[in-house]
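S.K.: Please find the sequence and the predicted model below.
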Amino acid sequence: MDHHFKVHKVFGKIRGYRRCYEMLRGLRHFRGSEAAQQRLKILEFYERYGEEATQEAFGVNRKLIYVWRKKLGLAKGDASNLIPLSTKPHKVRRMRTDPRIVDFIRDLRKEHPRLGKEKIKVLLDHHCEEL
C-alpha cells in the first residue's frame, strides 16, 4: 500500500497517468481471470469463423456474444470489462429470530448436547412465555 502512494505521488501530476494506471490495473485483473480470457478468445473466434461455428465449438449463443461485444465496445476495447461480475444477490435474507431465543437454544444445547428438537421446543415455549 505504501509503495502505491509513493508512485502515485511521483507520477500523479503527469498528464494521462491516471488513465494509464487504470489501464495497467485492468490488464493485471484480466490476466488473472480465466473466464475473461476465454470470453475474448470466443469473441475472436466469432469474428473469424461466424455464428454457426462459434455456437458449435463453444456452445455460446449469439445473444451472449453481442452482450460481450457491447461491454468491450463501451470500455473502448478494455478487456478487463469481460471479467464476470459477482452473482451475489443485492438483498440477502436476514434472520428474523429474536437473538434471545437463539442464545437460549445455544445454551441449552451446550448443557444437554443430546436433547432433541421436540424437547427443546417444549422448553423454548415455556421460556418464551416467561419473557
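M.R.: All right, it came through fine.

S.K.: how does this protein divide up, domain by domain?
M.R.: 11-82, 99-130 (automatic domain parsing).

S.K.: packing partners for the helix or strand where Leu108 lies?
M.R.: In this assignment (DSSP states H and E), Leu108 forms part of helix 99-111. Packed against helix 99-111 by the contact rule (3 or more Cβ pairs under 8 Å, 6 or more residues apart in numbering; DSSP states H and E) you find helix 117-130. In short, each C-beta sits where N, CA and C put it, glycine included.

S.K.: quick one: buried residues of the helix it packs on?
M.R.: By 16 or more other Cβ atoms under 10 Å, the buried positions in helix 117-130 come out as Ile120.

S.K.: Check stretch 59-75 too.
M.R.: Applying 16+ other Cβ under 10 Å to stretch 59-75 flags Val60, Ile65, Trp68, Lys71, Leu72 as buried.

S.K.: what sits up against that stretch?
M.R.: Stretch 59-75 is contacted from outside by Arg39, Ile42, Leu43, Tyr46, Glu51, Thr54, Gln55, Asp78, Ala79, Asn81, Leu82, using Cβ atoms under 8 Å, 6 or more residues apart in numbering.

S.K.: Now a ChimeraX select for only the buried ones of those residues.
M.R.: This is the ChimeraX syntax for the buried subset of these, where burial follows 16+ other Cβ under 10 Å:
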select :39,42,43,46,54,79,81,82
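
S.K.: would you turn the buried residues of stretch 59-75 into JSON lines with secondary structure and distance to Glu129?
M.R.: Output for these, formatted as JSON lines (DSSP: H, G, I helix; E, B strand; the rest coil; distance: Cβ to Cβ, whole Å):
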{"residue": "Val60", "secondary structure": "coil", "distance to Glu129": "60"}
{"residue": "Ile65", "secondary structure": "helix", "distance to Glu129": "62"}
{"residue": "Trp68", "secondary structure": "helix", "distance to Glu129": "60"}
{"residue": "Lys71", "secondary structure": "helix", "distance to Glu129": "58"}
{"residue": "Leu72", "secondary structure": "helix", "distance to Glu129": "63"}
